[in-house]
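In: Provide a 3D model corresponding to the input given below.
(one chain, ligands or ions: 1)
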Amino acid sequence: MNSAATVALPITPPASITSLIGGKRMPAKGPLLPVTYPANGQVVSQLAEADASEVDLAVKAARHAFDHSGWPQLTLEKRHAMLMKLHDITLAHADELARLECLNLGVSMRELRERHMTRAAYNFRFFAEHISHTKGQVYDQSAGYRSIVVREPAGVAALVAPWNAPTALASMKVAAAIAFGNTCVLKPSEQTPLALSRFVELLHEAGLPDGVVNLVNGRGPVTGEALVAHPDVDLVSFTGGTITGRRIAAIAGERLKPVTMELGGKSANIIFASADMERALDAALVGIYANNGQQCLAGSRILLERSIADDFIARFVERSARIRIGDPMLDATELGPLASARHRDRVLSFVDVACKEGGVLLTGGGRPSLGGDLDNGFFAEPTAVLAPNNGTQVCQDEIFGPFAAFLVFDTYDEAIAMANGTSFGLVSYVWSDHLPTVERAVRDLRSGVVWVNTPMVRELRAPFGGYRDSGLGREGGEACEQFYTEVKTVTVPSSPVTIRKLGA
Ligand code: NAD
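Out: Residues are numbered from 1 along each chain as shown. All right, here's what the predicted structure looks like:
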C-alpha cells in the first residue's frame, strides 16, 4: 500500500463549471453543487446546476444548429475531416482530460490516460471511418418501380451519461450522434463534470460549429428530466442505472421518443476446470477490480467448478490482498478510491448483507488505512465473499465496487442456471479450453455479450448492450447508425406508370 502523507491534486480545476450552450459558456445562476476529489475528500470545484429554462436554451441551440448550421447536410469529406480534428484534439489533450477526470472520479491516472482518453479520441476516428462505409438499399423487384432506402439524421439527441467512465462513455455518444449528422445536448453525471466540460470546450476549439454539441450540468431529476422530457428532443441515449433507465424510458415512451438504455449488470464469470487457470485468475482480478470496481461489465459473480474452487479462491485472495491501493496519481496504484463517500459506504454495507445471508468474507471488507490525507478519501479494500447460493442479495444486486461474490457449481447446467439467474443480462465471461463446453455456453448464456477466455474487450463495430434489466437497444457501429438516423423509403417509377383516371 502507498502511504503518502499529503495528496497533491492532479490539476487545478476551474472554480466553477457552467453550461456551454451554442458555443458559449453560461454564467452560473442555478444552485451550486460541490465537486469532490475522492482521494482526499476535498471539495475542488462547484457545479452550477442548469434548470429547465437553461436546458430549454440548450435544446433550442441544438435545434437551431440542426436547422441552420448546415451540419446535417455537410458532405461526407467535410464531416470526416471534422471528426478527425475532434479525434486529434482529444488525443492531444489526453493528459489534461485524464487529470480532470481523476480529480472527480479517482480512477488511476494511468488507466484514465492509457485507456479512457485514448478510447475517447478513438470514438471519433471510429465513426469517421464508419460513415465512409455506410450502404443504402435498393428494391427493384416490383415491375416498373424502384424503391431506395435512405438514412437521414434524426434531429436533436439528448445524451445522458454516468459517472463511472465519464469521458470514455459520453464521447462515444457524442461521436455517434454528430457523425450521423445530428446535434445534441450532453448531460454528464453531476458527480463528474470536470473532464467533460473541458472536452466540450475542446470540440469547439477544434472548429465544431456552435450548437452542434451543447453541455448542461446538474442532477438527474432536475436537469436530466428537463432534458429528456423536452418536446424538441428527438431521441435519448442513456447510460446509467436500471431504475433511472426505467424512469427515462417512461418519460420518453410517453412522447414516443426512441431510446437506447445501457444499464446495470451482475455478470457471471464462469470458470470451468478445463480453463487455463493462470489466465482465468488474472482476468478475474481485472474483471472485478479494474476501474476501481465501478464498471457495468464487471465480472462480479465468479462461478467456479468445485474441483478447482479452493485453489482458485486461495490464489485470488492472496492476489487481492497484494493489490496496491492508494493515490490515483501514482503509476504503481492499482486501486483508487470509490467515487463518493456514500457509494463507498453502500459498497461496504454488502459485507454485512453477505454475512447475514450465510456468506463468508474471504478478503477485504473494510476501509484501508493509508495514512495522511488519503484517510479522508473514499477507499474500500478489494473485497470478496463466498455466497451460499445465487439467490442471495450479494449475487443479485449490482454492488458496483471492488466486491466479488464467489459461487461454486458441480455441473454445466448448474453453472448456466446460476449465470442466467439474475434480472440482468449485460455480459458473461466463459473460461474453458474445451471447445464443446465453450460452444454450448455461448449458446445458452442469456446476455448481450459473451467473452470467451478473455477479460473485457469492446469491439466498437459490434453491437453492445444488454438483455432484460441491462438495457434496451445497442451501441456500436451499425447499431448507432440505426439509432441516430431516421429511415426513409423513396419510391420512383422506372418508366411512366399507368394511373387510374378517377372522375375522368
Ligand atoms: P444513474 O442512473 O444514477 O445516473 C446516470 C445519469 O442519469 C446521470 O447523469 C444522472 O444525473 C442522470 N439521471 C438520474 N436520474 C435521472 C432522471 N430522473 N432523469 C434524467 N436523468 C437522470 O447511474 P450512475 O450511478 O451515474 O452510473 C452507474 C450505473 O450505470 C450502474 O448501474 C452501471 O452499471 C451503469 N452503467 C452501464 C453501462 C452500460 O454500458 N451498460 C456503462 C456504464 C455504467
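In: residue contacts, Phe199?
Out: Contact partners of Phe199, counting by CB atoms under 8 Å, 6 or more residues apart in numbering, are Thr90, Leu97, Ala120, Thr167, Ala170, Ser171. All C-beta spots, glycine's among them, are computed from the backbone N, C-alpha and C.
In: can you pull out the strands in the stretch 151-300 of the chain?
Out: Secondary structure of the stretch 151-300 of the chain (DSSP state E, counting those that start in this stretch): strands at 156-160, 183-187, 213-215, 235-239, 259-262, 268-271.
In: mean pLDDT for the ones you listed - can I get that in CSV?
Out: Formatted as CSV, these follow (pLDDT from 0 to 100):
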stretch, mean pLDDT
strand 156-160, 98
strand 183-187, 98
strand 213-215, 98
strand 235-239, 98
strand 259-262, 98
strand 268-271, 98
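In: can you say which of the ones you listed is nearest to Val408?
Out: strand 268-271 (10.5 Å; CB to CB).
In: relative to the closest one, what are the paired strands and their orientations?
Out: Using DSSP bridges, the strands paired with strand 268-271 in its sheet are strand 301-305 (parallel), strand 427-431 (parallel).
In: other residues contacting the first one?
Out: Among residues not part of strand 301-305, those counted as contacts by CB under 8 Å, 6+ apart are 266-273, 284, 287-288, 312-313, 316, 384, 390, 395, 404-410, 415, 418-419, 422.
In: does the ligand sit close to that strand?
Out: No. Strand 301-305 is not in contact with the ligand by CB under 6 Å from any ligand atom; minimum separation 14.0 Å.
In: on that earlier part again, in ChimeraX, how would I select just the buried ones from the contacts of strand 301-305?
Out: Provided next is the ChimeraX selection string for whichever of the contacts of strand 301-305 are buried by 16 or more other CB atoms under 10 Å:
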select :266,267,268,269,270,271,272,273,284,287,288,312,313,316,384,390,395,404,405,406,407,408,409,415,418,419,422
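In: which ones are touching the closest residue to Gly240 other than its chain neighbours?
Out: Among residues not flanking Gly240 along the chain, Pro162 sits closest, at 4.5 Å (CB to CB, 6 or more residues apart in numbering). Contacts for Pro162 were tallied using CB under 8 Å, 6+ apart; they are Leu169, Ser189, Thr239, Gly240, Gly241.
In: give me the neighbour count for the third one.
Out: Using other CB atoms under 10 Å, Thr239 has 24 other residues around it.
In: what pairs with it across the strands?
Out: Beta-bridge pairing of Thr239 under DSSP bridges involves Glu262.
In: my read: it touches Ala161, true?
Out: Yes. At 5.9 Å, Thr239 counts as touching Ala161 under the criterion of CB atoms under 8 Å.
In: any residues in contact with both of these two?
Out: The contact sets of Thr239 and Ala161 overlap at Leu169, Lys173 (CB under 8 Å, 6+ apart).
In: so how do I select the buried members of the contacts of Phe199 in PyMOL?
Out: Applied in PyMOL, the following selects the buried portion of these according to 16+ other CB under 10 Å:
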select buried, resi 90+97+120+167+170+171
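In: out of the contacts of Phe199, who's nearest Ser53?
Out: Ala170 (23.4 Å).
In: now Glu101. Nearest residue, chain neighbours left out?
Out: That would be Ala195: by CB to CB, 6+ apart, it lies 3.9 Å from Glu101.
In: quick check: the one you found touching Leu100?
Out: Yes. Counting by CB under 8 Å, Ala195 does reach Leu100; the two are 4.0 Å apart.
In: pick out whichever of these two has more residues nearby.
Out: For Ala195 and Leu100, the more surrounded residue by other CB under 10 Å is Ala195, and the numbers stand at 31 against 28.
In: residues in contact with the more buried one?
Out: Contacts of Ala195 by CB under 8 Å, 6+ apart are Leu97, Ala98, Leu100, Glu101, Asn104, Pro166, Thr167.
In: ok, now with 6 Å
Out: If you count contacts by CB atoms under 6 Å, 6 or more residues apart in numbering, Ala195 has them with Leu97, Leu100, Glu101, Thr167.
In: would CSV of the residues you listed with secondary structure, pLDDT and distance to Ala128 be doable?
Out: Below are those laid out as CSV (DSSP: H, G, I helix; E, B strand; the rest coil; pLDDT from 0 to 100; distance: CB to CB, whole Å):
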residue, secondary structure, pLDDT, distance to Ala128
Leu97, helix, 98, 19
Leu100, helix, 98, 25
Glu101, helix, 98, 23
Thr167, helix, 98, 18
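In: can you name the two of these that are farthest apart?
Out: With CB to CB as the measure, no two of the contacts of Ala195 lie farther apart than Leu100 and Thr167, at 8.6 Å.
In: re the thing from before, let me know the closest of the contacts of Phe199 to the ligand.
Out: Set against the ligand, the nearest of these by CB to the nearest ligand atom is Ala170 (9.2 Å).
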